[in-house]
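Novice: got a sequence here, can you model it:
(3 chains)
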Amino acid sequence: MPRADAWRLAAILAIEAAVFGIASPRFLTAANGAEIVRLGTELGLLTLALTCVIVSGGIDLSVGSLMGFSAVLFGWLVTDRAVSPLAASAIVIAAGAVAGALNGTIITRFGALPLIVTLGTYSLFRGLAEGLTGGVRNFTSFPERFTFLGQGYWFGIVPAQTPILAAAILFYWALLHRSVIGRALVAIGHSFDAARHSGIRVARRLLLVYSLSGLTSAIAGLLYVARVGQAKSDAGTGAELLAITAVVLGGTSIRGGVGSIAGSLLGLSIIVFLQSGLRLAAMPTELAGILTGAILIAALAAERRRLSSSGGGEPRRAGRTVAIAATAVALIAVAIHAGLGAARSTRAITVAMMPKAKGDPYFVSCRKGAEEAARELGVDLIWDGPTDLDPARQTDIVESWITRGVDVIAVSVENRAALSTVLRKARGRGIAVITWDADAERDARDFFVNQATPQGIGDAIADQTAEILNDAGSFAIITGALTAANQNEWIKYIRERIAEKHPRLTLAVIRPSDDDRDKAFAETQTVLRVYPQVKAIAAIAAPAVPGAAEAVRQSGRTDVRVTGLSLPSLCKPYIHAGTAHSIVLWDTNSLGYLTVRVAAALRSGALTHGASRLDAGRLGAIEVRRDEVILGAPFVFTARNIDRFDF
Amino acid sequence: MKPVLLALTALAILLAVVAPGFYSPGNLRELALNNVAALLAAVAVTLVILCGEIDISIGSQLAVCSVIVGELARAGVPAWGLLPIAAAAGAGLGAVNGVLVSGWRIPSIVATLATMAIFRDGLRWATGGAWVQDLPAGFQWFGLGQRAGPVAVFSLTAVIVAVLAWSLRHLTAGRALYATGSNSEAARLLGLRPQRLVFGAFTAAGALVGIAACLNAVRFVEVPANAGLGLEMKAIAAAVIGGAAITGGRGTVAGTVAGVALLGAIGTALTFLHVDASWEKAIQGAIILAAVAGPAVAPSFARSVRAAR
Amino acid sequence: MALLDASSVNKSYGGVTALRDVSFELRGGEVHALVGENGAGKSTLVGIFAGRVPPDSGVISIDGVPVTDHAPSSARAHGVHAIYQQPALFPDLSVAENIALSLESQSPLAPVNWRRRRLQARDLLARAAASIDPERTVSSLSIAEQQLVAIATAVGARARVLILDEPTACLSAPEIDALFALVGELRGQGAGIIYISHKLDELPRIADRVTVLRDGRRVETREMAAAPAAELIRLMVGRELSAIFPKQDVAPGATAVEGRGLGCRRTGLHDVDFTIRAGEILGVAGLIGSGRTALAQTLFGLEPAEAGQILLGGRAVAIDAPATARALGIAYVPEDRGRCGVIGAMSVAENVTLTDLASVSSRGFVNREREDRVAEHSCERLGIKTRGVRAAVSELSGGNQQKVAVAKWLSRGARVMILDEPTQGVDVGAKAEIHRLVSEMAADGLAVMLISSDLPEVLGMSDRVAVMAGGTIVGTMNRGDATPEKILSMSLGGMRQAGTS
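Specialist: Residues are numbered from 1 along each chain as shown, chains lettered A, B, ... in the order given. Modelled structure (predicted):
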């Protein structure tokens, strides 16, 4: 890579380190360095593989999907086929190489463009993973000697993945920059025709590079499983774009021929530093996406400028340097401002609270209650979590909170096994841990703020459905993503309750909505056509109820009604119109409020084990049952009561 | 464009035999309306692909425009004013891509990768994920009601797509777009100003996505803040299946419409055929691969058949 | 008054002066040849006329009116049309549309009249003596056909100033005749034509005056009649060239490579028989599209033979890929140097060793010191002028780039060397050096196949000349028997001569 580019990237990295070092004293510590390596390993592996692919003039969009496929394959082998983790890993890695070879074969045999081919396998691999598991299987409880790879430490400080990442870096560096094969890849990237005319076995080299990409993605998939302790078909979602960003940021030309492993590692570091630093500084994770995008544009614009000025010069673009510099300065200023603001605050206690997904209206409503309690109590509240459902991200965020040193961590747990490990670690460092909304393992937390059990919800939804159908008839379920653990558990209890109490109800079909209102709408329309006997829809994701209800309303079918789990505010019009019979939920606002109250009480000593009551501000006295704080039974919202709620 | 028609025909025959209920007017109407946004987005991305570029930020653009439409409606902007504003907002976002690609010469896949993250995460930051609710009664179907509203939305879409198809074939500007995608240096020598055309294509694509956002949003009474996730991949796939060359210069709106029809019908068709929903993505991937490999396989297959005789 | 007048034009690229104080005058109704070695500034000068390149200083006037807006569009508005070696066409669009796009300048919202476009294209193609269906997409045309489309376009546009940049490099003799007839017609209509060519022998047929450029300066402008080829060469290089075709006499050895009944359906090659002995140069002449390049591609495994046999040193070999050919000691220097011959962005050393990385590596890792030594040796042997073996090939002149394309293969000791138009677009000095190299190769015992459209080159260099037409070899003759007339008549007639081997 040209030296100027390397210096520019190193400068960005230094600025990041300085900004986050000031914003959070924990950023520049060995412990955080170790965490950054842990977080960066899977992305790093993909970045290395993609560097070679992109240098050869291609691209591979399927790496993230292949991680998902590998995870599922591994889980299936270990759980259902009782293959030892070692043998299963070998099979998965071989399968990854074969999948990569599929990309390579189609590209070389049919002369098809890599972008399109891997767009196809991007869908295909993820689709296979979903199809094979029905989307719902979630393989867990892997042996500890396997999860050590993702969660353990060498010598108590070096993350277990480190040797793998280091080996991969060495391998890819030697391959690309020192080996005969690497030279051939560079030649192919610069000019496919000239490489062919030089007698290079172009097809064979490309086949190799795509196979390696597949193999490396499979390893990344395995490490992901080891780190989060579960194997589900959604592993690695979106990882391909992040890895491509790192590669391109590192100075590799998307047009091929030019690129370096060192550059890609710098690009990777910039991204991972940004994510880790923003978390430690308790700034919203959305900023990571915005800043990464901005840095990417600034870096490329600067590179283009250099190229154009050396090639004869176009003076009117001179102003762009200024624009880039100004952008960079502005971004840094924002970061410093926010960072210093966070660092300066010296409130009594800091409570870090995590939803499963920040964008979900359900959690948006919880946040309002949490902020209300924080204001009342003078608590410094950090609210952060994955933007979409992403179990791996939750672990990352808790890790950064531990590094940062908060007083209380409160988590709505998406993935029990993996989060429990990291929550235990937090407790070990003297941080009080509570879970809310969804529980971890009991020894991993002090208290669980229990709003309602999955069984309670499943029962209530089944009962409401039976009410719509007068205890006999057919109904359909519109769920969230097929992979969502929560919904799958509710479905389990719905089935149980029906078998037990409403035997004359039949479940016609379950369709996914991917937490997308529009998709829930379309799916419901189709269900109404294909299954005319269905007279009740149970929509069990917050955006799915309004989607299903709108579909019923527009169909003009007055004999079908909707129930499910959602927010009153989203469903109010449909409840009043009668298309939605009812919705089941607890007071989400109060759930957030109560969680912060519990956190503060736990820290101040007002709440200890053995207590039976807790004074929870506007909620009055709340029942404490052993190590659970009970919000109350699920609440059924109907036309009669829904106007009393504003969340 | 031939393979896509073949696949579409095969699917149509299969459905006619196994699940004739698929062809009920109601189902077809719903299918059409549900794919309005995907269709406009795919046509938008076709414009960009024709001039040899790519736009993977359209899903994020759709989300931003949807929320803008919702907020304006709530602020009291009358229904007839929403569409032009949505188009303008989309054009603005598209113009950002246009500047990055044609002005700053950043490869389009990288530029739009960056704006994809910026638009989407920027929106999340601004809204905190909250939906736009409490919209005025006149918002849904532009206040035209359940009967006339869908007709209006669908006719508007059909008119826009038809006008674009005609313009690309029969207007000087349309041909200039093909020329730029086919050989941008030659276009420059002709005085066509490829940079401006590329900028124009991105801006027009943005405007189309804005319109898509508006026409999609008015089907409902609330506007979610996370619309259009994954839309870009679906739109690009539809264009490619429809015969557009990702290298530019080749492709038609009609082909893209067929691509959208195929991809859009697959999901619903699976339900009609009682196939598990979880296979949908795998089938989509297989279709894309078949579209890529098909034209290459077909002639050699035909040759081997001939040779065997 | 001059049609086009340039006075004191200067242009430099980042410190390198391309044009220094050049003045040039083109009259209406004349063909004005522009000659000079590569890098003399010809392309830059016509680039400025065509509005592609803005000048640093100097005045360009058309009909006495100074041009202020230097853009391709304004040049075209003034009636200046330029046609380059690789015509700037739109491969995905039809011939009719390609022509129309140049002729119509309409507002973006104006509708297109497809019927008129087709009629107009048919008419113009007929005038250019080209029988091309206007509905065909340009990507399906040969380079020569594309050139004809570009010329038809210029005729249709009633170009007042027509710039032809090496138009005959890819054309066969009858096509050249048709081109010259068209140029004559345009001249008769009062247009001015600027004609760039390396083929000095064809200039007297067409040019009225000639301007010689050297190192970015104008050396001289003369009446064509007063400028014999030898004199022009002296003006271009500033020195006399002793021998242009220094073929040494070598006693040929055993048969090195032999083809028997070679055929390939895709390229239209059929029933090709030939032999080349070690130390022998077989010249291959023929029109464009006669199968010369197809034969080379088959021998090199780019278009594997579907019929017949290739024998190397008497042993039958199957060549299914370039890599196989390379392993067997077959070398190919392709015609399209920029796209296939060298990789401009990579260094001289990396290009030279690309064909044989094994020799500069151990256990799969490249040894850069050994690589440098190999490359330095090649540069020395071939006289490649570069500032270092780690300099990018794109920094070199065309002739030196071509030498790198040859060096790639010489460094690994090939047995059969196929050269496809090795001196096309190479300046006179470098041309002589390449001829010396080819001669040396033969002297070293290589079997050389020399494909060339340059008849004097073929006749001067080859021991024997094979003539191809319609995808096969129609005749082979010894150097002593070969004359330009014979070759041409065989190319055109395609009849089989006695004594074909």
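Novice: okay, the helix or strand containing residue A:267 in PDB with CA atoms only?
Specialist: Here residue A:267 sits within helix A:261-280, counting by DSSP states H and E. Output in PDB follows, covering the C-alpha atoms of helix A:261-280 (Å, rounded to 0.1, in the frame of the first residue of the first chain):
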ATOM      1  CA  ILE A 261      -3.000  -7.200   4.400                       C
ATOM      2  CA  ALA A 262      -1.500  -4.500   6.600                       C
ATOM      3  CA  GLY A 263      -3.900  -1.900   5.200                       C
ATOM      4  CA  SER A 264      -6.900  -4.100   5.800                       C
ATOM      5  CA  LEU A 265      -5.800  -4.700   9.400                       C
ATOM      6  CA  LEU A 266      -5.600  -0.900   9.900                       C
ATOM      7  CA  GLY A 267      -9.000  -0.600   8.300                       C
ATOM      8  CA  LEU A 268     -10.300  -3.300  10.600                       C
ATOM      9  CA  SER A 269      -8.800  -1.700  13.700                       C
ATOM     10  CA  ILE A 270     -10.400   1.700  12.800                       C
ATOM     11  CA  ILE A 271     -13.800   0.000  12.700                       C
ATOM     12  CA  VAL A 272     -13.300  -2.100  15.800                       C
ATOM     13  CA  PHE A 273     -11.800   0.800  17.800                       C
ATOM     14  CA  LEU A 274     -14.800   2.900  16.900                       C
ATOM     15  CA  GLN A 275     -17.300   0.300  18.000                       C
ATOM     16  CA  SER A 276     -15.400  -0.400  21.200                       C
ATOM     17  CA  GLY A 277     -14.600   3.200  22.000                       C
ATOM     18  CA  LEU A 278     -18.100   4.500  21.500                       C
ATOM     19  CA  ARG A 279     -19.400   1.800  23.800                       C
ATOM     20  CA  LEU A 280     -16.900   2.600  26.500                       C
END
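Novice: run the chain-centre distance for that helix.
Specialist: Computed by C-alpha atoms, centre = their mean, to the nearest Å, the chain-centroid distance of helix A:261-280 equals 17 Å.
Novice: swap in stretch A:421-439?
Specialist: Relative to the chain's own centre, stretch A:421-439 is displaced by 20 Å; criterion: C-alpha atoms, centre = their mean.
Novice: show me which residues of it are buried.
Specialist: Applying a neighbour-count criterion of 16 or more other C-beta atoms under 10 Å in any protein chain shown, one finds A:421-423, A:425-427, A:431-439 buried in stretch A:421-439. To be clear about C-beta, it is placed using only N, CA and C from the backbone, and glycine gets the same treatment.
Novice: for residue A:114, see how far away the residue in the stretch 201-350 of chain C positioned nearest to chain A is.
Specialist: Relative to chain A, the nearest point of the stretch 201-350 of chain C is residue C:326 (2.9 Å; C-beta to the nearest C-beta). Separation of residue C:326 from residue A:114 (C-beta to C-beta, to the nearest Å): 26 Å.
Novice: before we move on, what about residue C:215?
Specialist: Per C-beta to C-beta, residue C:215 is found 45 Å from residue A:114.
Novice: which of the two has more neighbours?
Specialist: residue A:114 (22 against 15; other C-beta atoms under 10 Å in any protein chain shown).
Novice: where does the residue lying closest to that one once chain neighbours are set aside sit: helix, strand or coil?
Specialist: Excluding the flanking residues, the one nearest residue A:114 by C-beta to C-beta, 6 or more residues apart in numbering or on different chains is residue A:58, at 3.8 Å. The local conformation at residue A:58, judged by DSSP: H, G, I helix; E, B strand; the rest coil, is coil.
Novice: go ahead and confirm residue C:321 touches residue A:201.
Specialist: Yes. Using C-beta atoms under 8 Å, residue C:321 is in contact with residue A:201, at 6.9 Å.
Novice: if we can go back for a sec, spatially, which two of the buried residues of stretch A:421-439 are the most separated?
Specialist: Comparing all pairs in the buried residues of stretch A:421-439 by C-beta to C-beta, the longest separation belongs to A:425 and A:437, at 21.0 Å.
Novice: skipping adjacent residues, who's closest to residue A:515 in space?
Specialist: Closest to residue A:515 by C-beta to C-beta, 6+ apart is residue A:480, at 4.9 Å.
Novice: can you pull the phi and psi angles for that neighbour?
Specialist: phi -80, psi -120 (degrees, to the nearest 10).
Novice: wait, doesn't it sit right on residue A:544?
Specialist: Yes. Counting by C-beta under 8 Å, residue A:480 touches residue A:544, with 6.8 Å between them.
Novice: any shared contact partners between those two?
Specialist: Listed as contacting both residue A:480 and residue A:544 by C-beta atoms under 8 Å, 6 or more residues apart in numbering or on different chains are A:513, A:515.
Novice: so what pLDDT did the closest residue in space to residue C:41 that isn't next to it in sequence get?
Specialist: What sits nearest to residue C:41 in space, not counting adjacent residues and going by C-beta to C-beta, 6+ apart, is residue C:216, at 4.3 Å. We have a pLDDT of 86 for residue C:216.
Novice: which element, helix or strand, includes residue A:552?
Specialist: Assessed by DSSP H and E, residue A:552 sits inside helix A:544-555.
Novice: contacts for that helix, please.
Specialist: The contact list for helix A:544-555, computed with C-beta under 8 Å, 6+ apart, reads A:478-480, A:513, A:515-525, A:528, A:537, A:539, A:560-562, A:564-566, A:570-571, A:574, A:577, A:579-580, A:583, B:26, B:146, B:219-222.
Novice: let me know the average pLDDT across that helix.
Specialist: So the average pLDDT for helix A:544-555 ends up being 91.
Novice: got it, and stretch C:172-189?
Specialist: Here stretch C:172-189 scores 83 as its mean pLDDT.
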